[in-house]
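S.K.: A structural model of the following input is requested.
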Amino acid sequence: MNMARDILLLPRKCNFRSWQRCSRYIQEQRTRLYIIWRCSVTLLLWNDKMIEHFDEEETSI
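M.R.: Numbers count the residues shown, from 1 in each chain. Below you'll find the model as predicted:
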């Protein structure tokens with residue numbers, strides 16, 4: 001019960017700061033996921049181009 005009273009007495013700024021930290025953390029994770037996604041797409045596309053390139057070389061021989 002004492003903990004519930006302490007939570008109610010917290011100033012609003014403290015809650016806002018923790019929300020800012022959480023928001024910053026979420027944004028950082030979204031950025032990391034985006035970078036991983038872009039790298040994966042780039043590698044897959046590069047791999048497809050390399051396969052096409054080697055297929056063309058084999059047919060020309």
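
S.K.: let me see the mean pLDDT of stretch 18-33.
M.R.: Across stretch 18-33, the average pLDDT comes to 94.

S.K.: for stretch 52-61, same thing?
M.R.: For stretch 52-61, the mean pLDDT works out to 73.

S.K.: next, the buried residues of it.
M.R.: For stretch 52-61, the neighbour count (16 or more other CB atoms under 10 Å) marks no residue as buried. Every residue, glycine included, has its C-beta placed from N, CA and C.

S.K.: now find how far off-centre it is within its chain.
M.R.: 37 Å (CA atoms, centre = their mean, to the nearest Å).

S.K.: please apply the same query to stretch 35-49.
M.R.: In terms of CA atoms, centre = their mean, the centre of stretch 35-49 is set 16 Å apart from its chain centre.

S.K.: now do stretch 25-40
M.R.: Taking mean C-alpha positions (CA atoms, centre = their mean), stretch 25-40 and its chain are 2 Å apart.

S.K.: then stretch 17-37?
M.R.: Taking mean C-alpha positions (CA atoms, centre = their mean), stretch 17-37 and its chain are 7 Å apart.

S.K.: ditto for stretch 15-33
M.R.: Offset of stretch 15-33 from its chain centre (CA atoms, centre = their mean): 11 Å.

S.K.: just the CA coordinates for stretch 52-61, please, in PDB.
M.R.: This file holds the C-alpha atoms of stretch 52-61, laid out as PDB (Å, rounded to 0.1, in the frame of the first residue of the first chain):
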ATOM      1  CA  GLU A  52      22.900 -13.900 -62.900                       C
ATOM      2  CA  HIS A  53      26.400 -12.800 -63.800                       C
ATOM      3  CA  PHE A  54      27.900 -16.300 -63.300                       C
ATOM      4  CA  ASP A  55      25.000 -17.800 -65.300                       C
ATOM      5  CA  GLU A  56      25.800 -15.500 -68.200                       C
ATOM      6  CA  GLU A  57      29.500 -16.400 -68.100                       C
ATOM      7  CA  GLU A  58      28.700 -20.100 -68.200                       C
ATOM      8  CA  THR A  59      26.400 -19.800 -71.200                       C
ATOM      9  CA  SER A  60      29.000 -17.800 -73.200                       C
ATOM     10  CA  ILE A  61      31.700 -20.400 -72.700                       C
END
